[in-house]
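Trainee: below: sequence and its predicted model.
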Amino acid sequence: MAFERIVRERMTVLESPPLPLERELLNKMLDEAIRESHNVGLSRPYFMFRLPFSATNCTSEPLKLLDRVLRTPRRRRFLYRLPIHPRGYLKLRGLWPIGPAPATLNEQMAEWLASDEAKGRREIHINKKKQIPKAAAPAKISLWKHLSSLSKAMRR
């Protein structure tokens with residue numbers, strides 16, 4: 001359903017608003033992100049949480065980059081280490097827009113899934129599945145064949 005909604009129907013899905021930064025800072029962030037990606041490559045694994053209280057993942061890395069570009073004092077850089085609430089992180093830095101928060105992806109999807117359009121798409125999918133003949137069950141392989149192939153593999 002997410003594929004249908006995003007790709008097929010060209011709907012926009014936002015989890016966070018654009019950052020209210022000057023074009024120069026946004027370009028600098030992009031430049032830093034590309035440079036960092038090139039330097040690190042695949043050598044830095046991602047971890048949601050890791051001792052000593054740090055994280056390396058798709059949430060914490062952009063927040064670290066943002067702090068580096070904005071030159072946030074080190075004493076205020078602790079929140080990206082536990083990337084459990086990126087909105088709060090951006091609010092503390094004055095980068096989250098004032099007013100009601102935009103709907104999260106989960107809220108948007110729940111609303112769309114409850115719509116008549118989504119119900120119609122589900123019906124079409126279910127009807128198509130009913131029309132496809134079921135595949136014949138694969139022939140069963142005896143336990144003896146499994147054991148003999150295992151013993152042959154062990155001899156090699």
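Mentor: Thanks, I have the structure now. Numbers count the residues shown, from 1 in each chain.
Trainee: go ahead and name everything in contact with the lengthiest helix in the chain.
Mentor: For the chain, the longest helix by residue count, based on DSSP state H, is helix 23-40. With contacts defined as Cβ atoms under 8 Å, 6 or more residues apart in numbering, helix 23-40 is touched by 19, 21, 61-62, 65-66, 68-70. Just so you know, the C-beta spots here come from the backbone N, C-alpha and C atoms, and that holds for glycine as well.
Trainee: spatially central, which residue of this structure would that be?
Mentor: residue 58 (7.4 Å; Cα atoms, centre = their mean).
Trainee: excluding sequence neighbours, find me the nearest residue to that residue.
Mentor: residue 46 (7.0 Å; Cβ to Cβ, 6 or more residues apart in numbering).
Trainee: what residues are up against that neighbour?
Mentor: 56-58.
Trainee: circling back to that earlier point, any buried residues in the longest helix of the chain, and which?
Mentor: Across helix 23-40, burial judged by 16 or more other Cβ atoms under 10 Å covers 28-29.
Trainee: for it, C-alpha coordinates in CSV please.
Mentor: The C-alpha coordinates for helix 23-40 follow below in CSV (Å, rounded to 0.1, in the frame of the first residue of the first chain):
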residue,chain,number,x,y,z
ARG,A,23,20.6,28.8,1.2
GLU,A,24,24.4,29.2,2.0
LEU,A,25,24.1,26.9,5.1
LEU,A,26,21.9,24.4,3.3
ASN,A,27,24.5,24.2,0.5
LYS,A,28,27.3,23.8,3.1
MET,A,29,25.4,21.0,4.8
LEU,A,30,25.0,19.2,1.4
ASP,A,31,28.7,19.7,0.7
GLU,A,32,29.7,18.3,4.1
ALA,A,33,27.3,15.4,3.8
ILE,A,34,28.7,14.4,0.4
ARG,A,35,32.3,14.8,1.6
GLU,A,36,31.6,12.7,4.7
SER,A,37,29.9,10.0,2.7
HIS,A,38,32.8,9.9,0.3
ASN,A,39,35.4,9.7,3.1
VAL,A,40,33.6,7.1,5.2
